[in-house]
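Student: How does the following fold in three dimensions:
(2 chains)
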Amino acid sequence: MGIDRRKFVKVASLASLGLVAGPPVKALANEVVKEAEHGCEGCQGDYLGAPRAVHPPKEAKRLAMVVDLKTCREHPDCTACIDACHLVHNVPDYPHPKDEIKWIWKEHFEHAFPEANHQFIEEHVKHSSGLLFCNHCDNPPCVKACPTGATWKREEDGVVMMDWHRCIGCRYCIAACPYGSRSFNFREPKKYFAEQGKKPQPDFPMRMRGVVEKCTFCDERLARGLWPSCVEACPYNCLTFGDLDNPDDPVRELLHHKFTIRRKPGLGTQPEVYYIV
Amino acid sequence: MIEKALEGGKKYWTLIFVLLGIIGIGVIAYLKQFNEGLTITGLSRDVSWGLYIAQFTFLVGVAASAVMVVLPYYLHNYKQFGKITILGEFIAIPACIMCMTFIFVDMGQPLRILNVFLHPSPHSMMFWDTVVLFGYLVLNLVIGWVTLGSETKGIAPPKWIKPIIIISIPWAVSIHTVTAFLYAGLAARPFWMTAVLAPRFLASAFAAGPALLILLCLILRKHTKFDVGREPIQKLAVIVTYAMCINVFLILMEVFTAVYSGIPEHIDHLKFLFCGLRDAEGVMHASLVPWMWTSSILAIISLILLLVPKFRAREGLLVFACLAVFFSLWIDKGMGMIIAGFTPNPMHNVIHYMPTLPESLITLAVWGIGALILTILYKVVLSLRKQVEPTRYKD
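Tutor: Predicted structure coming up:
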């Protein structure tokens, strides 16, 4: 039963968070415990000098995410982050791809990073996936496009927010987003949940038909001192979330020591999601 | 004045009821969309604008094209356009209303549309487009009604209308420029992000709009004995010729920069339009290919018919030329322009889009609303003119 210090702290912190977070993430945290008990072959998360703190940074000024795709691609079938996010945010899983809503998803490497791809790229990279979600750009083109201010950049921490009650559903933001990060409610999600007999999470609002939605770095969880659900759910510690404005933050540490890329940096949007490839 | 719309012959009422029927079917389709959401359309998160916004883009051009009769008549005092200027202005009114209706039916939350004014966002091109389009509608309503009223009374139009008419000229240019900015300012969509988009929009507008006006004048001559005369139609044909030449030239500029530079981001949209493009699974998507080639061939035919003076002078051939211009641009600037902007998507993948039946019925109904308003406005014009010069119209 080889469980080292790092893993123990990780599991312990996750499990304790699970208690705070309520049932869905708690269940996921239990999964993580199981995984850790069985040992995790090929876990390469050792770049993290310190385990994740109990709470995300308070009063962060510039929130960012570092995605360790090196570790992530070791587990091509893992969808823990996606499942957790879509579960806690009541994202419906429509059968028809035309209606699809996704906040976080895996995309084939050549589609996630078309400019980084080439014919003879390393085999394991070629067949891997990138993990995509809203980039929370410093210069968000979606915010500029929105005719009603229904999407805006939160001054204090840089999260690109969504007001589902103001959105008129013109989908101009979808046209403006260079990363395909936004989804539209083509159908009534409430009706879908009822039809499927699924119970929505009571602590997160269900959207109405006809509005746009996307990842908000779990602003509702940040407000409660919780990590974003994807960060918490990842069994391999691939997601590091923190404040770029703080030189001692783990994200700064990572960016300092690892080579990272961003999606479409040439557009000047300044994405705040960084990838270790 | 409007009461003239309530009296008419059998032909008039048949047309009105056919249009009302088309609108009625579309309203039922829209109720379905209103209840179930935009899922009843072919749209998806990847191709999030389609048939509706394509019509909107094309029709902003038709609305703006009124300037092609207003400018020669009011600014250059070109008297030959005296009889058709009001017809041109009255095309702009239903065109504006159709644009707004297409935006409305495209909304996910149509009842919240006033949020655009309650939370004005000057950084958004959509906000400005709403403002200029609405302004242009008001301008044309005022100008059309006032000048027609004066004409009926046999008096000169009031002096204050002249500056409003002058303002409407740059305003017409602005509505299509801002509509182009709606697309051309998006770094996310390389197909749209081109400086010639606004000039191209204007050129295509000044071809399609006057082409429509020629067709309408010829229909009026045939069915109502209201004859605008040969001269203004030939003059309009020259305008269509120039505008269509500039439009085709600008499209070729786009093709050159994309093809010669060979940048995949730019060339792939054209490939999708003219050759078809494979998606990640290797499936070929070529739904727009026949449409785009039809549009190109129609453009070539129209140019041959328009550029040779002998052909252009024959009104029978001119009808074909105008139809060719109108449909060529309707395809190219409508569906071609919008769908190719979304295909391939930002992840460089190809997602299929095909308008559904209800979507098409709603679209048809909005065109029906435009046609209905146009019919009524033209009826009013014709009846009033008949009253003023009873000897000239025998009908």
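
Student: Quick check: chain neighbours aside, which residue is closest to the residue of the stretch 51-200 of chain A found nearest chain B?
Tutor: With CB to the nearest CB, the shortest gap between the stretch 51-200 of chain A and chain B falls at residue A:169, namely 1.9 Å. Just so you know, the C-beta spots here come from the backbone N, C-alpha and C atoms, and that holds for glycine as well. In this structure, residue A:169 finds its nearest non-sequential neighbour in residue B:108, 1.9 Å apart by CB to CB, 6 or more residues apart in numbering or on different chains.

Student: which regions of the chain sit below the pLDDT cut-off?
Tutor: Assuming you mean chain A. Across chain A, the ranges flagged by pLDDT under 70 are A:1-51.

Student: that answer is for a different chain, and I need it for chain B
Tutor: B:388-395.

Student: Could you report the neighbour count for the residue of it found nearest chain A?
Tutor: When scored by CB to the nearest CB, chain B has residue B:108 as its residue closest to chain A, at 1.9 Å. Residues lying near residue B:108 (other CB atoms under 10 Å in any protein chain shown) number 21.

Student: same question, residue B:31
Tutor: Residues near residue B:31, counting by other CB under 10 Å, number 12.

Student: ok so it is a strand residue?
Tutor: No: Residue B:31 is assigned helix when assessed by DSSP: H, G, I helix; E, B strand; the rest coil, not a strand.

Student: Residue B:122: what's its closest spatial neighbour, skipping adjacent residues?
Tutor: residue B:128 (7.4 Å).

Student: Do I have it right that residue B:350 meets residue B:278?
Tutor: Yes: counting by CB atoms under 8 Å, residue B:350 does reach residue B:278; the two are 6.9 Å apart.

Student: Neighbour count for the two, which is higher?
Tutor: residue B:350 (22 against 14).

Student: what sits against that one?
Tutor: Residue B:350 makes contacts with B:272, B:277, B:278, B:279, B:280, B:283, B:285, B:343, B:344, as judged by CB atoms under 8 Å, 6 or more residues apart in numbering or on different chains.

Student: and the gap between it and residue A:171?
Tutor: Applying CB to CB, to the nearest Å, the value for residue B:350 to residue A:171 is 19 Å.

Student: Just the ones in helices from the contacts of residue B:350, please.
Tutor: residue B:272 (DSSP state H).

Student: And the furthest pair within the contacts of residue B:350?
Tutor: B:272 and B:280 (14.1 Å; CB to CB).

Student: For these two, indicate the residue with more neighbours.
Tutor: residue B:272 (25 against 15).

Student: so what's the nearest residue to the more buried one once chain neighbours are set aside up against?
Tutor: What sits nearest to residue B:272 in space, not counting adjacent residues and going by CB to CB, 6+ apart, is residue B:343, at 5.1 Å. Counting by CB under 8 Å, 6+ apart, residue B:343 touches B:47, B:269, B:272, B:277, B:285, B:350, B:351, B:353.

Student: And residue B:244, by the same measure?
Tutor: Applying CB under 8 Å, 6+ apart, the residues contacting residue B:244 are B:203, B:207, B:299, B:302, B:303, B:306, B:325.

Student: now stretch B:120-132, how far from the chain's geometric center?
Tutor: Between the mean C-alpha location of stretch B:120-132 and the chain-wide mean there is a distance of 20 Å, by CA atoms, centre = their mean, to the nearest Å.

Student: Now it: buried residues?
Tutor: Neighbour-count burial for stretch B:120-132, with 16 or more other CB atoms under 10 Å in any protein chain shown as criterion, is recorded at B:121, B:124, B:125, B:126, B:127, B:128, B:129, B:130, B:131, B:132.
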